[in-house]
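Enquirer: Got a sequence here, can you build the structure:
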Amino acid sequence: MTITFNLLMIGVSVFSWFYKTPKQARLFESMLLTVNEQGVTRTQLNTPTKHLNSNEIVRIEHFPTGEFVIKGANKLDTVWMPAQVEAPQQLAQELQQLGPVLTPPAPAWYKSYASLLGLLMLPLLYFFITSSNKIVAVVLGTVSIGSVGYSYWLMQRSKDIDQRLKRYSHLSVLVLVWLVALLVSKLLPG
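Expert: Predicted coordinates:
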């Protein structure tokens, strides 16, 4: 029964990852950035409007890959525009009115593939579930619980994720409870 439940939970995790990806694509396609002398306003489907006043903008970056990043004083006060922006040169000129547009080097390779790091959780979960060694269970269980908890926390704090996905992400709490219960059951004698 435990193996069936574990496989079911892994299946739900994989399904939800593939289910969320197209929704995120629709979010990116709906982005609208308004730049004026007051600052920058980003509107996006099913997400709160994000506004940075011109005096709150700390840094404006235009990466060689085409993305624009407008950073505020707080890490959460960041407006990101994908490389598929319609008129990048015009946007760069409008942003120059708010401050210098810097061109940092391209991000490191691991940052380019950061979205795929979630897939590393699958083998980690598999070895955690199937391992009978308590040390391996503690290490992999702690990493799994920490990863799921951290991604849940990030998702809830982000203003770049739509409200529907945030509501669905509450299911991660069930996954956390399951992981903690599994870790405890592996540590109990017997």
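Enquirer: pLDDT-wise, which helix or strand of this protein ranks last?
Expert: Ranked by mean pLDDT, DSSP states H and E, the helix or strand of the chain with the weakest confidence is helix 109-112, at a mean of 65.
Enquirer: Name the next helix or strand downstream of that helix, please.
Expert: The helix or strand immediately downstream of helix 109-112 is helix 121-130, counting by DSSP states H and E.
Enquirer: CA atoms of that following helix as PDB?
Expert: Extracted as PDB, the C-alpha positions of helix 121-130 are listed here (Å, rounded to 0.1, in the frame of the first residue of the first chain):
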ATOM      1  CA  MET A 121      13.600  15.900  -7.200                       C
ATOM      2  CA  LEU A 122      12.300  12.800  -8.900                       C
ATOM      3  CA  PRO A 123      15.300  10.500  -8.500                       C
ATOM      4  CA  LEU A 124      15.800  12.100  -5.000                       C
ATOM      5  CA  LEU A 125      12.300  11.100  -4.000                       C
ATOM      6  CA  TYR A 126      12.700   7.700  -5.500                       C
ATOM      7  CA  PHE A 127      15.800   6.900  -3.500                       C
ATOM      8  CA  PHE A 128      14.200   8.400  -0.400                       C
ATOM      9  CA  ILE A 129      11.200   6.200  -0.700                       C
ATOM     10  CA  THR A 130      13.000   3.000  -1.500                       C
END
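Enquirer: buried stuff in the helix or strand that comes right after that helix?
Expert: Next in sequence after helix 121-130, counting helices and strands by DSSP H and E, comes helix 134-157. By neighbour count on 16 or more other Cβ atoms under 10 Å, the buried set for helix 134-157 is 137, 140-141, 144-145, 147-149, 152, 155. For every residue, glycine as well, the C-beta is placed using N, CA and C.
Enquirer: Kindly report the same for stretch 88-106.
Expert: Under 16+ other Cβ under 10 Å, the buried positions of stretch 88-106 are 91, 94-95, 98, 101.
Enquirer: What are the phi and psi values at residue 51?
Expert: Here is the backbone geometry of residue 51 (degrees, to the nearest 10): phi -130, psi 130.
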